[in-house]
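1. Here's my sequence, what's the structure:
(2 chains)
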Amino acid sequence: MPPSRTGTRAALLLGVLLGALVVAGVVLAVVDSRAAALDADGAAAVAAVRTYLTEHAPAGSAVVVRSVGLVTLDGDSAWVTAAARLSEASAQRAWRVDAALVRRDGRWLVGDLAEVP
Amino acid sequence: MTRLLRGRWLLVALGILTIAAAVVVGQLAYRAVVAAESDAAARDGAAAAAALTPVLLGYDWRTVDADAEHIDGVTTGPFAVQNHAIVAGLVVPAAVDGHAASSATVSRVGVVTATPDHVETVVLYTQTTTREGDPAPRRDARSARVVLEPSPDDGRWLVAGFDAL
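-> Take a look at the predicted model:
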């Protein structure tokens, strides 16, 4: 086989392979960006609850948030649960809460907060 | 000659581009696999935390030896060794002496962090304990940080850490 024809076939093969890799790369980049966005949403929802609990503590009390976890995340709504300590006067007690969040204008807002008995 | 040289340069350039694209695609594929495995770990880890917390905290003085074996069966890693020592040295004697029993009911599990082989959760539960002489069972609302890792033997999610909050 003449060298020029071999070179042409090799170039064609590499071109096809490169095209396939580019297509796979685009698909995987979309998947990766969605996964990263989901991770960022979860982290933002959890951070919003942590901030809400410390900034909206009942009057005359202080809150120390011990742990916050994501229960569900579905589009623009999330459900988060948290374990905290509530200090009132000289007493301290466990404060366990459920928070329902909604995303408005790109920000996660606590829509409902309820103490878990 | 010039045309042949140009063809070779084209081949070299295509080869370099293909290798570079393969590296990028490989990295993206790896990230996609890790993301999918982390999602699955979060789901399975949360389910395991809900199922295993009652086992970890449950015992009855009449069946305490079997309960201690169940507890050992749901723990892994260094935590398993520490927890076995606590259960054998403190919980079992106290349960037998005081004719005590304990059970836990999980009401919420939230995922704090999740990677394919490590999940940290916050678990809200109610622990009910009874002791001989107590007029009524004692119910305490509690929460804990529960860490889960897959078993090195069969991949089941097991408790690798438990800290009361």
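2. The residue in chain A positioned nearest to chain B: which element?
-> Going by C-beta to the nearest C-beta, chain B is nearest to A:Gly69 of chain A, at 2.2 Å. Bear in mind the C-beta positions are built from the backbone N, C-alpha and C, glycine included. Take DSSP states H and E as the rule and A:Gly69 turns out to sit in strand A:61-74.
3. Grab the longest helix from chain B for me.
-> helix B:2-57 (DSSP state H).
4. packing partners for that one?
-> Applying 3 or more C-beta pairs under 8 Å, 6 or more residues apart in numbering or on different chains; DSSP states H and E, we find helix B:2-57 packed against helix A:3-55, helix B:64-73, strand B:101-115, strand B:118-130, strand B:138-150, strand B:157-164.
5. now those in TSV, with mean pLDDT and mean neighbour count?
-> As requested, those are arranged in TSV below (pLDDT from 0 to 100; neighbours: other C-beta atoms under 10 Å in any protein chain shown):
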stretch	mean pLDDT	mean neighbour count
helix A:3-55	92	15
helix B:64-73	96	16
strand B:101-115	97	19
strand B:118-130	97	21
strand B:138-150	96	20
strand B:157-164	97	19
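6. which parts of chain A sit against chain B?
-> A:3-4, A:7-8, A:10-11, A:14-15, A:17-18, A:21-22, A:24-25, A:28-29, A:31-32, A:35, A:39, A:46, A:66-71, A:80-83, A:94, A:96, A:98, A:116-117 (C-beta under 8 Å from any C-beta of the partner chain).
7. List the neighbours of the strand holding A:Gly69 that are in contact with it.
-> For strand A:61-74, contacts defined as C-beta atoms under 8 Å, 6 or more residues apart in numbering or on different chains pick out A:38, A:41-42, A:45-46, A:49-50, A:53-54, A:57, A:78-88, A:95, A:98, B:108-112, B:121-122, B:143, B:145, B:165.
8. what number of residues lie near the residue of chain A closest to chain B?
-> Applying other C-beta atoms under 10 Å in any protein chain shown, we find 27 other residues in the vicinity of A:Gly69.
9. per-residue confidence for it?
-> On pLDDT, A:Gly69 comes in at 97.
10. and if you look at B:Met1?
-> 57.
11. beta partners of whatever residue of chain B ends up closest to chain A?
-> Of all residues in chain B, B:Gly110 sits closest to chain A, at 2.2 Å by C-beta to the nearest C-beta. Bridge pairing for B:Gly110 (DSSP bridges) gives the partners B:Val122.
12. Pretty sure it sits against A:Thr81.
-> Yes - counting by C-beta atoms under 8 Å, A:Thr81 is a contact partner of B:Gly110 at 4.0 Å.
13. residues in contact with B:Ala29?
-> By C-beta under 8 Å, 6+ apart, the contact set of B:Ala29 is A:24, A:28.
14. likewise A:Ala47?
-> By C-beta under 8 Å, 6+ apart, A:Ala47 lies in contact with A:Trp108.
15. what's the distance between the nearest residue to A:Arg66 once chain neighbours are set aside and A:Gly25?
-> In space, and not counting its chain neighbours, A:Arg66 is closest to B:Leu165: 4.2 Å by C-beta to C-beta, 6 or more residues apart in numbering or on different chains. Noted for B:Leu165: a distance of 44 Å to A:Gly25, by C-beta to C-beta, to the nearest Å.
16. again, but for B:Leu57
-> Counting by C-beta to C-beta, the gap from B:Leu57 to A:Gly25 is 49 Å.
17. can you check B:Ala13 too?
-> 18 Å.
18. Same check on A:Leu86?
-> From A:Leu86 over to A:Gly25 the distance is 51 Å, taken as C-beta to C-beta.
19. same deal with B:Ala20?
-> 10 Å.
20. again, but for B:Val64
-> Separation of B:Val64 from A:Gly25 (C-beta to C-beta) stands at 58 Å.
21. Return the residues in contact with the spatially most central residue of chain B.
-> Taking C-alpha atoms, centre = their mean, the centroid of chain B lies closest to B:Leu148, which sits 1.3 Å from it. Neighbour list for B:Leu148: B:45, B:48-49, B:52, B:118-121, B:157-160 [criterion: C-beta under 8 Å, 6+ apart].
22. go on, B:Asp140?
-> Taking C-beta under 8 Å, 6+ apart, we find B:Asp140 in contact with B:126-127, B:129.
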